[in-house]
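Chemist: Everything below, folded, please.
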Amino acid sequence: MVPFLGSRGHTMVRAVATSTTIGLPVSIFGAIVYSCQTSPVHTSTMLGYLFLAAFFGLSFGSVLAAPFGAKLASRVPTRVLRRGFAILLLVLAVKLLFECAIVQSDRELFPVCTETVTQHRLPKSFPQPLSEWAPEAAL
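Modeler: Predicted structure coming up:
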């Protein structure tokens, strides 16, 4: 949202503030919706599709970092802020492309369990081995 607002003539400080303000109700609504859905995998660390450790970790980190980010956005020159967002978005885009390439290679290596793995993306710390999702894949 920040790049969009910036391209529409808003200052970077205003774009960051608007994005942050809109992000809170969207996040709350999203957490409620995901927690009310029934997950195919039931663990004590998940509420529906909401992974509780990530939820509380991100919530706590956001509350701590928000005042720092607001002060930083008002003190950093607009040009530096724009370039910083552009670099961040570029790094995230490369990371997503890299992860898609890994998922594609996994599909070729494990065609039997592709559907199961892609439908039930779980945290890396989840203790259940892949062979329990699709026993045929362990052969």
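
Chemist: drop to CA atoms for contacts and neighbour counts, all remaining ones
Modeler: Fine.

Chemist: Where is the longest helix in the protein?
Modeler: Ranked by residue count, the top helix of the chain under DSSP state H comes out as helix 78-109.

Chemist: can you pull out the strands in this protein?
Modeler: Assignment of strands within the chain using DSSP state E yields the ranges 46-47, 50-51.

Chemist: picking that back up, output the contacting helices and strands for the longest helix of the chain.
Modeler: helix 12-36 (3 or more Cα pairs under 8 Å, 6 or more residues apart in numbering; DSSP states H and E).

Chemist: So which residues make contact with the helix it packs on?
Modeler: Contacts made with helix 12-36 from outside it, assessed by Cα atoms under 8 Å, 6 or more residues apart in numbering, are listed as 1-3, 5-6, 47-50, 70, 73-74, 78, 81-82.

Chemist: just stretch 49-63 next, same as before
Modeler: Taking contacts as Cα under 8 Å, 6+ apart, the residues outside stretch 49-63 that touch it are 31, 34-39, 45-46.

Chemist: Redo the residues you listed as TSV? Include distance to residue 24, neighbour count and pLDDT.
Modeler: Conversion of the contacts of stretch 49-63 to TSV gives the following (distance: Cα to Cα, whole Å; neighbours: other Cα atoms under 10 Å; pLDDT from 0 to 100):
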residue	distance to residue 24	neighbour count	pLDDT
31	11	17	89
34	15	15	87
35	17	17	87
36	19	13	88
37	20	12	84
38	24	11	80
39	24	15	74
45	23	12	83
46	21	16	85
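
Chemist: Thanks a lot, catch you later.
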